[in-house]
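Student: need coordinates for the following:
(2 chains)
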Amino acid sequence: MNSVMYDTYTIFWRELKRYKKSRSGVLIRLIQPAIWIIVVGNIFSETQPLIQSVGFEGEYIEFMAPGVIILTAIFTSIFGGVNTLWDRRYGFMNKALTSPISRSAIALGKMSAISLIAALQASLIIGIALAIGVTFPNPLMIIPIMGIVILFSLGFSGISVTLAATAKSQETFWGMINLLGMPLFMLSPALFPLELLPDWLAVVAKLNPVTYTVLLVRELMTGVSEGGIPILISVGIIFAFVVAMVAIASYVFTREVNKPF
Amino acid sequence: MYSIETKSLTKSFGDLVAVNDISFSVKQGEIFGFLGPNGAGKSTTMMIFTTLLKPTSGKAMIAGFDVMKDAKHVRENIGFVQQETTVDEYLTGRENLLLQAKLNHIPKNEINKRIDEVLDLIELSDKQDQAVVTYSGGMRKRLDIAGGLLHHPKVLFLDEPTVGLDIQTRRKIWQYIKKIHIEFEMTIFVTTHYMEEADNLCDRIGIIDGGKIQVIDSPQNMKNALGNEIISLVVEDNNNHDSFLVELKKIEFIKKINQDDSKLILFTSNGTEVIPKIFQISSDLGIKIITISLTQPTLDDVFISYTGHEIRDDKSKFNRKIEHAKMKRLRA
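Tutor: Model (predicted):
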């Protein structure tokens, strides 16, 4: 067990080193969420009456800022597994596989690095949100919010690593990512209140872990509880999602990397 | 004590037998070369030895451990330097080695010492803090090889160590490999399709073609077996061709004759005495010799004499099948 921890840290360290060295990557990952929050946040500011109807008093941009934080987390982490494919293509994977480190540690190290990177990117978006006038009633709430973002990203990095381990090509991987990422984001209250969704879509949204994460972060950020889901239930659901995803990813990864690429 | 031992090792991908019932052993401290064209089964064999692939049947023992039953111990005792350089471009040379050290569970208090040691050996100490992206191809390869040495493995696997490098760099890499071999006294298993490389580096060579080992011996013995000289001659087409061959075979120094249309390759000793005899025979039979030359045999000639085709001859049916199967797997 001790050695799995050490090995996980080794891979984690490597992934973070690579992230740190790619400064352009840090900025590129920020562009999309920044556009969301700046452009969509302002264009939809007229929809304030809609969100007021569900009991939210602030500006639209304050309503959707948590959604964009989660958007950043979703996309940074779901893209994060792609270097698994590069690693298999360019030999790092074989290097790791022929060394004595455990297979699942490779997956765990990747996932934990991806989730931390996603959280770092999300914190930059929080910075942008603050800069364009979103306020935090209680600034200390940033700590539990970051905790939730890290946890949630870990779950999504699990999805990413699972897909990357099974995909034989970049095309398959990106196809699957696009198939999953956007719908999971859209089928959540990230941009609009759950109450405004048609019933059948609301049912689908309630099956989506993103929904609970957005609601939770929004509640922590603005203090407005929405949908009547208690915090502990949301945290429990996110937790279960993360545990399931990490377990699936470790299992699938360990199984798949033993096959020739 | 053997570092590598295989018994009837076989690997098939569906219908395709990539490694076909090979058995051989490599002594501790030996540099053993696996020589063969692309698609001969070299890489598949190496992937089995390095625990990346499981054999379909048969057995392979590396440093005394079974690759199937005791993969973890095998991994602890091997270094593997892949064909493509696998160093992280954006990390520095030292950081790359640090990563490799951690992957191989080198004790914390040993890591720095070991890294300094290998950096010194491959003469990259002064460049260690530069990003690898600034390194030349040869330097990257050296760094990659250094990474395989950090944990002092008992067996070092080098897969086509100089492929894609220019001839000067290639020679330099050979020097480093020899230096490493002297310093660490490890067993080195190297695959290559360069004759010169096998000749230069290896104590013994196994020639592999079509998934089977054709011959194993030292490069010198292989060349000696063909006699120490080669006479190539091209003759004009003539009905007396067959009797010409029969007469040639009677010359005592000639060990083997390969025929390729009008071109004859005679493996022989005492070539300078043989040539006048050939002229004698040809004039008796009225056969006109167009060209004749006397050369020292190279491993190329050895390869041809065992496999019947040249090493770069990629047109054989077997290779095409392998490539096809590979593509199919990639698309799946």
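
Student: so what's the residue count around residue A:65?
Tutor: A count of nearby residues for residue A:65, using other C-beta atoms under 10 Å in any protein chain shown, gives 29. Every C-beta, even on glycine, is put in place using the N, C-alpha and C of the backbone.

Student: residue A:72 now?
Tutor: 29.

Student: can you tell me the helix or strand for it?
Tutor: Using DSSP states H and E, residue A:72 falls within helix A:60-80.

Student: and that helix, what does it pack onto?
Tutor: In terms of contacts (3 or more C-beta pairs under 8 Å, 6 or more residues apart in numbering or on different chains; DSSP states H and E), helix A:60-80 is packed against helix A:23-35, helix A:41-43, helix A:48-52, helix A:103-131, helix A:142-166, helix A:170-186, helix A:209-222.

Student: elements contacting the longest one?
Tutor: Going back to what we said before, that points to helix A:103-131. Using 3+ C-beta pairs under 8 Å, 6+ apart: helix A:103-131 touches helix A:2-21, helix A:23-35, helix A:60-80, helix A:92-97, helix A:142-166, helix A:231-257.

Student: where does pLDDT dip in the chain?
Tutor: No chain specified, so I'll use chain A. Within chain A, the set of residues satisfying pLDDT under 70 comprises A:1, A:261.

Student: that's the other chain; I wanted chain B
Tutor: Flagging of chain B using pLDDT under 70 yields the residue ranges B:309-332.

Student: which of the helices and strands packed on helix A:103-131 sits closest to residue B:181?
Tutor: Counting by C-beta to C-beta, residue B:181 lies closest to helix A:92-97 out of the helices and strands packed on helix A:103-131; the figure is 21.4 Å.

Student: contacts made by that closest one with the rest, please.
Tutor: A:11, A:84, A:86-88, A:103, A:106, A:257-258, A:261, B:50-52, B:80, B:82, B:86, B:88, B:100, B:103, B:147 (C-beta atoms under 8 Å, 6 or more residues apart in numbering or on different chains).

Student: could you redo the last one with a cut-off of 10 Å?
Tutor: A:7, A:10-11, A:14, A:83-88, A:103, A:105-106, A:109, A:165, A:257-258, A:261, B:47, B:50-52, B:71, B:75, B:80-82, B:84, B:86-88, B:99-100, B:103-104, B:144, B:147-148, B:159 (C-beta atoms under 10 Å, 6 or more residues apart in numbering or on different chains).

Student: the residue in chain B that chain A sits nearest to in helix, strand or coil?
Tutor: Residue nearest to chain A within chain B (C-beta to the nearest C-beta): residue B:86, separated by 3.5 Å. Secondary structure, DSSP: H, G, I helix; E, B strand; the rest coil: residue B:86 is coil.

Student: cool, residue B:25 as well?
Tutor: From three-state DSSP, the assignment for residue B:25 is strand.

Student: buried sites along whichever helix or strand comes after the helix holding residue A:72?
Tutor: Helices and strands here follow DSSP H and E; after helix A:60-80, the next one along the chain is helix A:82-89. Neighbour counts over helix A:82-89 (16 or more other C-beta atoms under 10 Å in any protein chain shown) mark A:82, A:83, A:84, A:85, A:87, A:88 as buried.

Student: other SSEs contacting the helix or strand hosting residue B:21?
Tutor: If you go by DSSP H and E, residue B:21 is part of strand B:16-27. Packing contacts for strand B:16-27, counted by 3 or more C-beta pairs under 10 Å, 6 or more residues apart in numbering or on different chains; DSSP states H and E, involve strand B:2-13, strand B:31-35, helix B:42-49, strand B:57-62, strand B:187-192, strand B:204-209, strand B:212-217, helix B:317-331.

Student: may I have it as CSV, with CA atoms only?
Tutor: Output of strand B:16-27 as CSV, limited to C-alpha atoms (Å, rounded to 0.1, in the frame of the first residue of the first chain):
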residue,chain,number,x,y,z
LEU,B,16,-0.2,-14.9,-37.4
VAL,B,17,2.8,-16.5,-35.6
ALA,B,18,5.1,-13.6,-34.8
VAL,B,19,7.5,-15.6,-32.7
ASN,B,20,7.7,-19.3,-33.5
ASP,B,21,9.0,-21.8,-31.0
ILE,B,22,12.3,-20.2,-30.1
SER,B,23,14.6,-21.6,-27.5
PHE,B,24,18.0,-20.1,-26.6
SER,B,25,19.9,-18.7,-23.6
VAL,B,26,22.1,-15.8,-22.9
LYS,B,27,24.9,-16.0,-20.4
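
Student: partner strands of that strand, parallel or antiparallel?
Tutor: Looking at strand B:16-27 with DSSP bridges, its partner strands are strand B:2-13 (antiparallel).

Student: just want the angle from the strand it pairs with to strand B:187-192.
Tutor: 40 degrees (axes from the mean of the first three to the mean of the last three C-alpha atoms, to 10 degrees).

Student: ok, and the closest non-adjacent residue to residue 45?
Tutor: Just so you know, I chose chain A. Nearest residue to residue A:45, sequence neighbours excluded (C-beta to C-beta, 6 or more residues apart in numbering or on different chains): residue A:60, at 4.8 Å.

Student: ah, no, chain B please
Tutor: Among residues not flanking residue B:45 along the chain, residue B:19 sits closest, at 5.4 Å (C-beta to C-beta, 6+ apart).

Student: the one you found pairs with what?
Tutor: residue B:11.

Student: list the contacts for it?
Tutor: Residue B:19 makes contact with B:6, B:9-12, B:40-45, B:47-48, B:53, B:55-56, B:58, B:208, B:211-213, according to C-beta under 10 Å, 6+ apart.

Student: and the gap between it and residue B:43?
Tutor: Using C-beta to C-beta, to the nearest Å, we find residue B:19 at a distance of 10 Å from residue B:43.

Student: helices of chain B, residue ranges please.
Tutor: B:42-49, B:71-76, B:93-103, B:108-121, B:137-147, B:167-184, B:195-201, B:219-225, B:241-249, B:271-285, B:299-307, B:317-331 (DSSP state H).

Student: what about the nearest residue to residue B:33 once chain neighbours are set aside, how many neighbours?
Tutor: Closest residue to residue B:33 apart from its sequence neighbours, by C-beta to C-beta, 6+ apart: residue B:202 at 3.5 Å. Here the number of neighbours of residue B:202 (other C-beta under 10 Å) works out to 22.

Student: same check on residue A:178?
Tutor: Neighbour tally, residue A:178, other C-beta under 10 Å: 11.

Student: how much space is there between it and chain B?
Tutor: 21 Å (C-beta to the nearest C-beta, to the nearest Å).
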